[in-house]
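> Sequence first, predicted model second:
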Amino acid sequence: MDMILKRFYDNHYSTTGIIYINGTFFCATLEPPFRHKKVLGSTRIPAGEYGIEMNYTSPMAMNYQNKFDIDCLPRLIDVPGFEGILIHIGNYKRDTEGCILVGNTIQINIENGMDRQKILNSKSTLVQLNKAIEEKQIDRIIILDD
């Protein structure tokens, strides 16, 4: 079963995209923007194909178990130049920590003439994504730039 993240908008502040599972829309994503030079926690990962494993033991996963009653977090493996890339909950770019946020709605706010994206319903979307990954035995993600 294929899981594809197709990025469609980067405003140099954040990047939005859509995850498709087996060709069908599944959810929206929010990531940091593209940068020519990596800034730790503020640069999206490069497009490519990466393995996925369910992470139960990282500090963030253990925090999610206690705080949100979410057992595990999808972790991307073998991402060149990056470590600890997770798919997790959050609403704003500042919540990404360099990772991928998921939700079912992207909201765009205009602040001081700049558009700022926000992702909504993140927790319920992550629960559904975890279930889909486990049930469909998804072990990789393909990330495509616009």
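On my side now, so go ahead.
> Buried ones in the helix ranked longest in the chain, by neighbour count?
Determined from DSSP state H, the single longest helix within the chain is helix 122-135. Neighbour-count burial for helix 122-135 flags 122-123, 125-126, 129-130, 132-133 (criterion: 16 or more other Cβ atoms under 10 Å). C-beta coordinates here come from the backbone N, C-alpha and C atoms, glycine included.
> Neighbours of the closest residue in space to residue 43 that isn't next to it in sequence, how many?
In this structure, residue 43 finds its nearest non-sequential neighbour in residue 35, 4.4 Å apart by Cβ to Cβ, 6 or more residues apart in numbering. For residue 35, the neighbour count with other Cβ atoms under 10 Å is 11.
> Check residue 31 too.
25.
> is it in a bridge, and if so with what?
residue 15 (DSSP bridges).
> what's the answer for residue 9, then?
Here residue 9, judged by DSSP bridges, has bridge partners residue 16.
> who touches it in this structure?
Neighbour list for residue 9: 15-17, 117, 146 [criterion: Cβ atoms under 8 Å, 6 or more residues apart in numbering].
> Counting neighbours, which of these comes out on top?
residue 17 (25 neighbours).
> residue contacts, that residue?
5-9, 28-31.
> Just the buried ones out of these, please.
5, 7, 28-31.
> For the most centrally placed residue in the chain, give me the pLDDT.
For the chain, residue 100 is the residue whose C-alpha lies nearest the centre (Cα atoms, centre = their mean; 2.0 Å). Looking at residue 100, its pLDDT stands at 98.
> Also residue 116?
84.
> in which helix or strand would I find residue 87?
strand 87-88 (DSSP states H and E).
> cool, residue 82 as well?
Here residue 82 is assigned to no helix or strand, by DSSP H and E.
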